[in-house]
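Visitor: I'd like to go over a predicted model; first the sequence, then the structure.
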Amino acid sequence: MKNIVVLVSGGGTNLQALIDAQKAGKIKNGKITCVISSNPNAYALQRAEANGIDTAVIRRKDYAEFSEYSSALISLLNDKKADLIVLAGFMTILGEDVIKAFKNRIINIHPSLIPAFCGEGFYGLKVHECALQRGVKVTGATAHFVNEVCDGGPIILQKAVAIENGDTPEILQKRVMEQAEWKILPMAVALFCDDKIKVINDKTTEILD
Ligand code: GAR
């Protein structure tokens, strides 16, 4: 059974999707053992507590140097015996030492079809604003491993979502979450926990039985 540690910063609807998938028996070989937030007021922490999941808070601003913050985060993740780390709306950039310490063991959910609308500065509602501004007809979400390049790690799963007339960033964000993020994130986590993802040359393949 793999220990899943989920990193959050806000509302935590993706965390909720993981909790629901776990309750429904869809993540057979993993258990959410801890939720770590960058923000003490994140609603995601209440979701964790309501489900009896251990929580912790670690804030970048409590450390003078970025390297000290990274070391503290690595220690915390090691204390929690994390086998898999999930970034579910986690809005603090991870340092290279954290990424190296957990190579191909950190999964992020991003609200677009990478490589569109991704990289530094593309997060949350901003991603959907840019998609609407560009006038694309299809967007979606991507679950991927985290490497040193922002949103550049091996892609695990993607799901497309149609853009509709009259969409606002808020309406589109909700549709992308409902139709894509909340589905592919638990699926990617389940595949990882089942040891079904192989990474070769920065690309993933699913190991079939
Ligand atoms: C989600 O849409 C997630 O894809 C996005 O933030 C939102 C968090 O919502 N993440 C990023 O933009 C990362 N670049 P949630 O707290 O309700 O899960």
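Guide: Thanks, I have the structure now. Small disclaimer: the values here were computed from a predicted structure and weren't measured.

Visitor: got the phi/psi numbers for V146?
Guide: Torsion angles at V146 (phi, psi; degrees, to the nearest 10) stand at phi -90, psi 130.

Visitor: So for it, what's the nearest residue that isn't a sequence neighbour?
Guide: For V146, ignoring the flanking residues on the chain, the nearest one in space by CB to CB, 6 or more residues apart in numbering is I106 at 4.0 Å. Where C-beta positions appear, they are placed from N, C-alpha and C, glycine not excepted.

Visitor: What of T92?
Guide: S38 is the one closest to T92 (CB to CB, 6+ apart), at 4.7 Å.

Visitor: check contacts around that neighbour.
Guide: Neighbour list for S38: 7-9, 57-60, 90-92 [criterion: CB atoms under 8 Å, 6 or more residues apart in numbering].

Visitor: quick revisit: for the residue nearest to V146, give the beta-bridge partners.
Guide: For I106, the beta-bridge partners under DSSP bridges are I85.

Visitor: And the pLDDT at the residue nearest to T92?
Guide: If you check S38, the pLDDT there is 97.

Visitor: picking up where we left off before, so of the contacts of S38, which ones are in helices?
Guide: Judged by DSSP state H, those include no members of helices.

Visitor: okay if I get those residues as CSV plus distance to the ligand and pLDDT?
Guide: Listed next are those as CSV, based on distance: CB to the nearest ligand atom, whole Å; pLDDT from 0 to 100:
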residue, distance to the ligand, pLDDT
L7, 11, 98
V8, 6, 98
S9, 7, 97
V57, 15, 98
I58, 17, 97
R59, 17, 96
R60, 16, 96
F90, 7, 96
M91, 7, 93
T92, 11, 92
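
Visitor: Quick check on these: which are buried?
Guide: 7-9, 58, 90, 92 (16 or more other CB atoms under 10 Å).
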